[in-house]
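Student: no sequence on this one, just coordinates:
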DNA sequence: CATTTTTACTAAACGGGTTTAGTTTTATAA
DNA sequence: TTATAAAACTAAACCCGTTTAGTAAAAATG
């Protein structure tokens, strides 16, 4: 059964499609269409189950009421939850979401951005891989409204919603230090072009420095995004085999922490007896694993909400060229048992170096 | 900067836009356009960074190269992973995905289906809430190709990709029975219109029956999707407070199992000493929690792959009206420690009834 | 009664592609 | 030399809404 078009309604009532369009868009009264005619149009539209073709409408109005969302990895619960909230807030504002996952690959990110532009999305929410700011400059040049989430480009003045990765990482490291850990590894992803990861590292370093703890380059372990298993394996062996370089590990994201957990399991390494573990980004798993893992939790729902609000504001005030906003939301340090006695965070524990 | 249109290229070369369109779509030679002209067109398109407007193209061709995906709950890792694979396979076939989450609400599902139809998607992949088959009939009537995943409508002859929930639930229950558990609760979601959940229940009942284990209606516990916490709390209190109605719990999906884990944590209920727990649907958490949870794992990537293949096949053979397919994929029973000694599944353990 | 205003509506352009049905020019066959 | 075919290209319709500019008829005003 073919779909009903505006013309079908117009013909069957013997009026112009202009009239039908105006009435159905609620501009009937404004344009002086009589009450009776309006009623007839509405009745016929209902009868024929008319649904406007959004593509045709979009072609004329230049608006698709669709936004694009590109996250680094949709299978990561952090981004999955974020995606859900973004979809939710968009649907409240009558926008749809085209959903993409860049798999942390800059060339895929570039392709996706092009594709979204071809689809005439009204705006884009992007967690950038961070390697190539040309993409961002192109968006700007093409005048497509966009909001960066999670990661930003330090030198560019863009809309951004995220957390203070530096301070949160500082606090997380400081938490370890106050519990007496003095040899803390930093496990991160390579190549870590993402601003979030770089800031986490800087916060970690600053906390060490402020506590007068000597940093060793051996503490820094980078593993590839594509194959974290092998990298984490190697990193943990280096860090924990005699002479036990570290007594605590700071995982720069949840995926690394989970992978570390797997490796610990395999080698029967005990937390926190053999090593303490903390993670940036919380997840359900960390509540239930043994022992529960201390982590920095990001306010995912708020990030999604602000990103959508900001984006839609920009879309709907496009010509006025509104100023950009940077929204930094607070994180929460979820203290659990993976660093030892969590009830007395200020008491330093005797650390057993195995 | 305004985007380049076909007309821009045509004018700047002094040719018709027909010619440009044909050349850029690779129909140049077929339509007898000379080599030189074709080269000129390509060169100019490159120079002006021409990208066809997909909306305009879609309006004319009636194809949007977009499919809609509706899952029940995108924040559930099962669906998040599925979504990722679906997006991946679609992008290989040059389709985009509009992503939606019905939150298990039939009216939201209906709205989303309408919305996707308005957006002229070429097809839909749907994990239906299962309450209202009218939606499905409407899709059929409108001639929109679609594939059901995860849940199906037993009476309707549709494309479907999923697993044998009945048999898998039977096997999972049987696993408990062989370990000596004889009072097994079934924890499920209400209202469980989804075929998957109903089949899991049937498989559970059949396994009990075949083992000559008496079933009590007290074993069946239904909790609401919107607020599982309260429901699971109540259910577990009913099941595990004296007189300890059951010694094992079969959670019909991973979310219920995770919620149960939370409740156990709160009340200091030990697995498997106080109660055994198994879950339908696996997740990372079950590998790492203490103890690790035995679960039925679905082949998520294969489900996504087959769903996309089937859908695209139907889209691209629409007029030929290809026959429907039902693809049932094998599950895997991941035996862990949540039911006691997992190394000797045939040996019955002495069960302590608290 | 003539003119202006208001009411109720319509024709046609537009957006940016695709596609059908030609047209013009040049080469080939009769 | 003329009819015919092939080669190279174009005009215009079409998809389906939205929007601008305008018209016809009735009512109000001078």
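Tutor: Thanks, I have it. Quantities reported herein were computed from a predicted structural model and do not represent experimental measurements. Residues are numbered from 1 along each chain as shown, chains lettered A, B, ... in the order given.

Student: where does chain A come near DNA strand D, residue by residue?
Tutor: Residues of chain A lying close to DNA strand D (C-beta under 7 Å from any atom of the strand) are A:3, A:5-7, A:17-18, A:21-22, A:24-25, A:52-53, A:56-57, A:59-61. Where C-beta positions appear, they are placed from N, C-alpha and C, glycine not excepted.

Student: Shouldn't residue A:40 be within a helix?
Tutor: Yes: when DSSP: H, G, I helix; E, B strand; the rest coil is applied, residue A:40 is found to be in a helix.

Student: okay, now the nearest residue to it once chain neighbours are set aside: neighbour count?
Tutor: Using C-beta to C-beta, 6 or more residues apart in numbering or on different chains and skipping residues adjacent in sequence, the residue nearest residue A:40 is residue A:13, 6.0 Å away. Using other C-beta atoms under 10 Å in any protein chain shown, residue A:13 has 16 neighbouring residues.

Student: Now do the domain split for chain A, please.
Tutor: A:6-52, A:64-163+A:300-330, A:165-298 (automatic domain parsing).

Student: Where does the prediction get shaky in the stretch 251-354 of chain A?
Tutor: A:319, A:341-354 (pLDDT under 70).

Student: mind running it again at 80?
Tutor: A:288, A:290, A:318-321, A:341-354 (pLDDT under 80).

Student: and residue A:183, what is it in contact with?
Tutor: Contact analysis of residue A:183 by C-beta atoms under 8 Å, 6 or more residues apart in numbering or on different chains lists A:216, A:219, A:245-248.

Student: what about 6 Å?
Tutor: A:246-247 (C-beta atoms under 6 Å, 6 or more residues apart in numbering or on different chains).

Student: can you check residue A:139 too?
Tutor: residue A:146.

Student: Sketch out the strands for the stretch 151-300 of chain A, chain order is fine.
Tutor: A:160-163, A:184-190, A:220-224, A:248-251, A:276-280, A:294-297 (DSSP state E, counting those that start in this stretch).

Student: Please dump those into TSV; it should also carry mean neighbour count and distance to chain B for every row.
Tutor: Shown next, in TSV, are the strands of the stretch 151-300 of chain A (neighbours: other C-beta atoms under 10 Å in any protein chain shown; distance: least, C-beta to the nearest C-beta, whole Å):
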stretch	mean neighbour count	distance to chain B
strand A:160-163	23	19
strand A:184-190	22	17
strand A:220-224	18	18
strand A:248-251	28	14
strand A:276-280	27	12
strand A:294-297	24	14
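
Student: Just put these in JSON lines and tack on distance to residue B:322.
Tutor: Output for these, formatted as JSON lines (distance: least, C-beta to C-beta, whole Å):
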{"stretch": "strand A:160-163", "distance to residue B:322": "45"}
{"stretch": "strand A:184-190", "distance to residue B:322": "44"}
{"stretch": "strand A:220-224", "distance to residue B:322": "42"}
{"stretch": "strand A:248-251", "distance to residue B:322": "49"}
{"stretch": "strand A:276-280", "distance to residue B:322": "48"}
{"stretch": "strand A:294-297", "distance to residue B:322": "48"}
